[in-house]
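what follows is a predicted structure for the sequence shown.
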Amino acid sequence: MHRIRSATTDDAAAIAEIYKPYVEETAISFELLAPGVEEMRERIAKVSKEFPWLVYETNGVIEGYAYAGAWKNRCAYDWSVESTVYVKQGRHGQGIGKALYSDLLGRLERQGAINVIGGIALPNEGSVALHETLGFKPVAHFKDIGFKLGKWWDVGYWQLQFPKHEKPNPLAKPVV
């Protein structure tokens with residue numbers, strides 16, 4: 001049985017375990033050291049105060065997660081968020097990322113976000129396809145912007161826009 005729910009700090013160990021190979025073995029994340037359980041617990045607690053952090057479970061086992069955070073730390077950007085999704089190794093191509101992202105996007109729109117930005121270390125055909133399937137459009141491409149695993153990597157940014165308002169309301173609390 002599958003379900004998507006809001007993450008809690010009790011999910012930190014499972015989330016850290018999903019994230020670890022992305023940090024240690026790929027350039028998908030530009031972190032160089034995988035965060036431990038306590039660090040992940042703090043991240044979940046901090047993000048969840050303002051934005052959704054979701055997990056995808058199959059029979060009680062977390063197989064992926066997605067969350068959003070502030071795009072930039074300036075008030076005029078308050079309606080723009082950056083999104084992130086990670087799926088457990090060996091579970092790609094089974095709709096988990098799309099299900100998580102679709103749920104996250106719905107919550108962000110209801111929360112009042114106008115722009116959702118996804119940053120993708122390139123090349124990454126799977127992530128590009130996921131973003132574009134969900135309506136994101138490419139808006140930027142930075143060449144050789146990060147150095148990891150002995151080489152330079154490009155990063156692209158994709159943007160999804162929800163209908164905007166002349167005078168937007170402040171973002172609501174995360175939709176649970």
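Received, thanks. Residues are numbered from 1 along each chain as shown.

low pLDDT regions in the protein?
175-176 (pLDDT under 70).

just give me the residue closest to the centre of it.
residue 84 (1.0 Å; C-alpha atoms, centre = their mean).

dig out what the residue lying closest to it once chain neighbours are set aside forms beta bridges with.
With sequence-adjacent residues excluded and distances taken as C-beta to C-beta, 6 or more residues apart in numbering, residue 84 is closest to residue 67, at 5.6 Å. To be clear about C-beta, it is placed using only N, CA and C from the backbone, and glycine gets the same treatment. Under DSSP bridges, the beta-bridge partners of residue 67 are residue 53, residue 84.

show me what the helix ranked longest in the chain is packed against.
Secondary structure assigned by DSSP state H gives helix 96-111 as the longest helix of the chain. Packing partners of helix 96-111 (3 or more C-beta pairs under 8 Å, 6 or more residues apart in numbering; DSSP states H and E): strand 2-6, strand 53-58, strand 61-70, strand 80-87, helix 125-133.

which elements pack onto the helix or strand just after the shortest one?
Downstream of strand 2-6, the first helix or strand assigned by DSSP states H and E is helix 12-25. Applying 3+ C-beta pairs under 8 Å, 6+ apart, one finds that helix 12-25 makes contact with helix 37-48, strand 61-70, strand 80-87.

adding distance to residue 152, write the ones you listed out as TSV.
As requested, the helices and strands packed on helix 12-25 are arranged in TSV below (distance: least, C-beta to C-beta, whole Å):
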stretch	distance to residue 152
helix 37-48	27
strand 61-70	25
strand 80-87	22
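
tell me which of those lies nearest to residue 11.
strand 61-70 (6.0 Å; C-beta to C-beta).

and the contacts of the closest one?
7, 11, 14-15, 18, 47, 50-57, 77-78, 81-88, 91, 96-97, 100-101, 103-104, 108, 113, 116 (C-beta atoms under 8 Å, 6 or more residues apart in numbering).

try it again at 7 Å.
Outside strand 61-70, the residues that touch it by C-beta atoms under 7 Å, 6 or more residues apart in numbering are 7, 11, 14-15, 18, 47, 51-57, 81-88, 91, 96-97, 100-101, 104, 108.
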